[in-house]
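Asker: Below are the sequence and a predicted model for it; my questions follow.
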Amino acid sequence: MTEPTPWWRHAVVYQIYIRSFADSDGDGVGDIAGIRSRLPYLRDLGVDAIWINPWYPSPMVDGGYDVADYRAIDPAFGTMDEALAFIDDVHAHGLRILLDIVPNHTSDQHPWFQEALASPPGSPARARYLFREGKGPGGDQPPTDWPSVFGGPAWTRVIGSDGRPGQWYLHLFAPEQPDLDWSDPEVADEFDSILRFWYDRGVDGFRIDVAHGLVKDRSFPDLHGSSPKSLVHPGPYWDQEGVHDIYRRWRAVADDYGDRPFVGEVFVSSAERLARYVRPDELHTAFDFRFLQAGWDAARLRNEIDDNLHSMGPVGAPATWVLSNHDQARHVTRFGRPRTADVGVVESAGERVAPPPSSDIELGRRRARAALLLQLALPGTAYLYQGEELGLEEVEDLPEAVLQDPTWRRSGHTIRGRDGARVPLPWSGSEPPFGFGPPGTTPWLPQPESWRDRTVEAESRDPDSVLALYRAALRLRREHLGFRGDGMAWLPAPDQVLRFDRPGGLETVVNLGPEPIQLPAGRPVLLASVPLPESGDLPPDTAVWLG
Ligand code: NOJ
């Protein structure tokens, strides 16, 4: 008897940015009870699992990626009892749940960091983090010239017990996010225990934050101006060999519980480097951000797909495709820009780039519809980011006064950051808060008035809406035999067309060029990204699935 394929090898996972999904109590911030009330929506949408961004107690300096307690729930989101009942309810809806684990850094409010601050240099409490003496006279220069991803230096100096400036500590992100030292056995033991804590409570897996960053070159070399241009470039703190020992250890913990997949947030320089994270005794899956960064460009997409599949094949891991998340400008907006590969807001969760040029949102939305059929037709797993099923665009005109992303502050108010991808979802009604919270709720970020046409309620009435397309596509992906089997093969096609089939028989054609093309004759259309013309041609920026 052959083993059934594990669910996570072909799952569609829906990412929930908890602060912005659904607010049950009207405080303007989404919460667990809000998600719970929308589980029927997610089941009916047709996804297999949800991934929830960090829900732990946090000062929220970086949207919850500054964790103060890994075994509890932030009061803004609910209680532990609510979380446990919610996990049961997720399962009762036939869904699975992945949590977000943040092992590179804690909050500066975490008891460990508070203890480190109160302890002398060289103490065991300081050994859990990366405290070092400064350079230069009086140690008043940072130990290295490393920049923080959010801007400014990656080191902050603390005040010693004598009231005078003392050691420096490393924070690759905000100063409120001190990096842990993974060479300290206590750190590794603690995270084993955190994983078990949540597995014991029914959690099905984890997304790993900054999975490529946990180990630092302990010679602490200066970059001398050769500063990594973005997180994808190797550096003394990205993609160091030692991270693989950590994931072997984590995999052994996960395997004690059966099929509990990890998905790594891994930014590395190539698909081959990515594949090293998903070797059989390491992580199960890792996001392919190169697909996301390819823009609306047939040659680049084909390349990234090939690279990924050729690299994943030998290690036996499925590909993991993603087009948007809470760190990137929404792909409707990216695909409507003159240069569609410009990630624009904050590349790779940190690369700071110039303000993006304006976007043709209708064009971007048309391309996003086609991109969905491309993404879902590829072998492997797919991640969807909340709101993309409504065709939401990046909100690029949020008032400066409401911006919360640390990038805004750390860049000296020159880079707006990622809040535009995090605006609370519109569910119903014709004015804000659009059912995000009870009437009278003021969402933590303001929603555009134009979203009255993009609510779940409005799109549910319209058979041609983006939501209707997502529902139809997810149903087919789940039920149609054409999607079965691993792998894919390219079929002959003009340069700006992607055409491939799957072993189960599904054929996908995506026209990224400026001219209509003829579809192969005699194949029934299972689904088209927009209604097709009578001629049977495939117009520009359109995709079809053929049975
Ligand atoms: C990646 C997360 O997705 C992002 O939101 C966060 O700011 C950084 N890691 C730091 O934790």
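Answerer: Structure's in. What do you need?
Asker: ranges for the strands of the stretch 51-200 of the chain?
Answerer: 96-101, 131-132, 155-159, 165-170 (DSSP state E, counting those that start in this stretch).
Asker: Name the helix or strand of the chain that has the lowest mean pLDDT.
Answerer: Every helix and strand of the chain was ranked by mean pLDDT, DSSP states H and E. The lowest is strand 346-347, at a mean of 40.
Asker: Any figure for the gap between Q177 and the ligand?
Answerer: 7 Å (Cβ to the nearest ligand atom, to the nearest Å). Any C-beta I mention is one placed from the backbone N, CA and C, and that applies to glycine too.
Asker: Next, work out how far apart that residue and A68 are.
Answerer: Distance, Q177 to A68, using Cβ to Cβ, to the nearest Å: 11 Å.
Asker: Would you confirm that Y383 contacts W321?
Answerer: Yes. At 7.2 Å, Y383 counts as touching W321 under the criterion of Cβ atoms under 8 Å.
Asker: Can you check which residues contact both of these two?
Answerer: Both Y383 and W321 lack any common contact, where contact means Cβ atoms under 8 Å, 6 or more residues apart in numbering.
Asker: What residue in this structure comes nearest to the ligand?
Answerer: Y65 (3.3 Å; Cβ to the nearest ligand atom).
Asker: Next one: that residue from A174, what distance?
Answerer: Relative to A174, Y65 is positioned 9 Å away (Cβ to Cβ).
Asker: just A493 next, same as before
Answerer: Distance of A493 to A174, given as Cβ to Cβ: 46 Å.
Asker: cool, and L538?
Answerer: In terms of Cβ to Cβ, L538 sits 47 Å off from A174.
Asker: And for P221?
Answerer: 23 Å.
Asker: between these two, who's got more neighbours?
Answerer: Between P221 and A174, counting by other Cβ atoms under 10 Å, A174 is the more crowded of the two (24 against 12).
Asker: doesn't F150 make contact with that one?
Answerer: Yes. Between A174 and F150 there is a contact under Cβ under 8 Å: 5.5 Å.
Asker: Now do the shared contacts for these two.
Answerer: Residues touching both A174 and F150 (Cβ under 8 Å, 6+ apart): 62, 406, 410.
Asker: Residues of this protein that sit close to the ligand?
Answerer: Applying Cβ under 6 Å from any ligand atom, we find that the chain lies next to the ligand at 62, 65, 102, 173, 209-210, 265, 326-327, 349.
Asker: for stretch 48-59, which positions count as buried?
Answerer: 48-58 (16 or more other Cβ atoms under 10 Å).
Asker: Check the residues you listed and tell me the two furthest apart.
Answerer: D48 and P57 (29.0 Å; Cβ to Cβ).
Asker: okay, now D397: neighbour count?
Answerer: Other residues close to D397 by other Cβ under 10 Å number 9.
Asker: What distance do you get for it to L474?
Answerer: The spacing between D397 and L474, counted by Cβ to Cβ, is 32 Å.
Asker: repeat for E396
Answerer: Going from E396 to L474 by Cβ to Cβ gives 29 Å.
Asker: the more surrounded of those two?
Answerer: Between E396 and L474, L474 has the larger neighbour count (other Cβ under 10 Å), namely 22 against 17.
Asker: helices or strands up against the helix or strand containing that one?
Answerer: Per DSSP states H and E: L474 is located in helix 466-479. Applying 3 or more Cβ pairs under 8 Å, 6 or more residues apart in numbering; DSSP states H and E, one finds that helix 466-479 contacts helix 39-45, helix 361-377, helix 456-461, strand 525-528.
Asker: so how far is it off the chain centroid?
Answerer: 21 Å (Cα atoms, centre = their mean, to the nearest Å).
Asker: Give me the buried positions along that helix.
Answerer: Within helix 466-479, the residues that qualify as buried are 466-467, 469-474, 476-477, counting by 16+ other Cβ under 10 Å.
Asker: Repeat that for stretch 521-536.
Answerer: 526-530, 532.
Asker: Give me the phi and psi for the residue nearest to E272 when sequence neighbours are not counted.
Answerer: Using Cβ to Cβ, 6 or more residues apart in numbering and skipping the chain neighbours, the partner closest in space to E272 is S311 (5.2 Å). Geometry field for S311 lists phi and psi as phi -80, psi -40, criterion degrees, to the nearest 10.
Asker: do F483 as well
Answerer: Note on F483: backbone dihedrals following degrees, to the nearest 10 are phi -90, psi -10.
Asker: Next, find the distance separating it from V253.
Answerer: Following Cβ to Cβ, the distance that separates F483 from V253 is 32 Å.
Asker: for the residue most central in space within the chain, what are its contacts?
Answerer: Nearest to the mean C-alpha position of the chain, counting by Cα atoms, centre = their mean, stands N325 at 4.3 Å. Residues in contact with N325 (Cβ under 8 Å, 6+ apart) are 15, 383, 385, 421.
Asker: Check which helix or strand the residue nearest to W490 when sequence neighbours are not counted maps to.
Answerer: Spatially, and ignoring its direct neighbours in sequence, W490 is nearest to F500 (5.0 Å; Cβ to Cβ, 6+ apart). Taking DSSP H and E as the definition, F500 sits inside strand 497-501.
Asker: Show me what that strand is packed against.
Answerer: Using 3+ Cβ pairs under 8 Å, 6+ apart, the elements in contact with strand 497-501 are helix 298-315, strand 489-490, strand 507-511.
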